[in-house]
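Asks: got a structure for you, letters missing:
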């Protein structure tokens, strides 16, 4: 019996072994293969800076012709104290007038004053005198020296009015072709600025300024200031 148990046991063991060999062994589920380690990152290397481009050769400055030269910078403005024009006061018929210092007035035999101003195209004549006629007659005489703009037309001046205290100033401006008072060839491009000052102690005073247009324009600021500078003498 013992022999039979041993044989049975041996047979059972052999059967188990045969079964183990015939049936496939349960294989473990393959896991994902480990990722290969990333290659070490290469250290960043600064790219060498490209060599600087050579500076362009400075081109010579083009010559500036006189026609394209920039205008000169104007001088800074000066104060009123230094920009005032020097004036010379003159008295005619109880009326004081301020003449620019460069005019160099000369007295006349009738108690008046006369000046000669050099201009670019001629001479500007200035006369100051006491009136010997009415203001209307004086204005008519001035107009008669100029050629009318058309046959039968009248010469019409530009009239301005000013006042200074008790004095009233009437300024008449004529332009065009003029005939000299003493006769002679007509003078084209001529001007006459005339002023009649009323209210003075000795009657009206007359100012007459005549000359070529360009010369009158050259002295224009001084002439305009002079015509309205009348004050009554104390």
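Replies: Done, it's in. As the structure is a prediction and not an experimental result, all values here were calculated from the model. Numbers count the residues shown, from 1 in each chain.
Asks: for this structure, which segments are assigned as strands?
Replies: Read by DSSP state E, the chain holds these strands, from start to end of the chain: 87-92, 95-100, 106-107, 113-119, 122-130, 158-164, 167-178, 187-198, 205-212, 231-232.
Asks: contacts for the last one next, please.
Replies: Counting contacts by Cβ atoms under 8 Å, 6 or more residues apart in numbering, the residues outside strand 231-232 that touch it are 94, 95, 96, 164, 165, 166, 167, 199, 200, 201. Quick note: C-beta positions are derived from backbone N, CA and C, even for glycine.
Asks: again with the fourth one
Replies: Applying Cβ under 8 Å, 6+ apart, the contact partners of strand 113-119 are 90, 92, 99, 103-108, 123-128, 211-212, 214-216, 218-219.
Asks: any low-confidence regions in this protein?
Replies: Applying pLDDT under 70 to the chain picks out residues 1-85.
Asks: on that earlier part again, can you list the strands of the chain in JSON lines and add distance to residue 150 and mean neighbour count?
Replies: As requested, the strands of the chain are arranged in JSON lines below (distance: least, Cβ to Cβ, whole Å; neighbours: other Cβ atoms under 10 Å):
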{"stretch": "strand 87-92", "distance to residue 150": "38", "mean neighbour count": "16"}
{"stretch": "strand 95-100", "distance to residue 150": "37", "mean neighbour count": "20"}
{"stretch": "strand 106-107", "distance to residue 150": "40", "mean neighbour count": "11"}
{"stretch": "strand 113-119", "distance to residue 150": "29", "mean neighbour count": "16"}
{"stretch": "strand 122-130", "distance to residue 150": "27", "mean neighbour count": "18"}
{"stretch": "strand 158-164", "distance to residue 150": "18", "mean neighbour count": "12"}
{"stretch": "strand 167-178", "distance to residue 150": "12", "mean neighbour count": "18"}
{"stretch": "strand 187-198", "distance to residue 150": "16", "mean neighbour count": "20"}
{"stretch": "strand 205-212", "distance to residue 150": "23", "mean neighbour count": "23"}
{"stretch": "strand 231-232", "distance to residue 150": "41", "mean neighbour count": "16"}
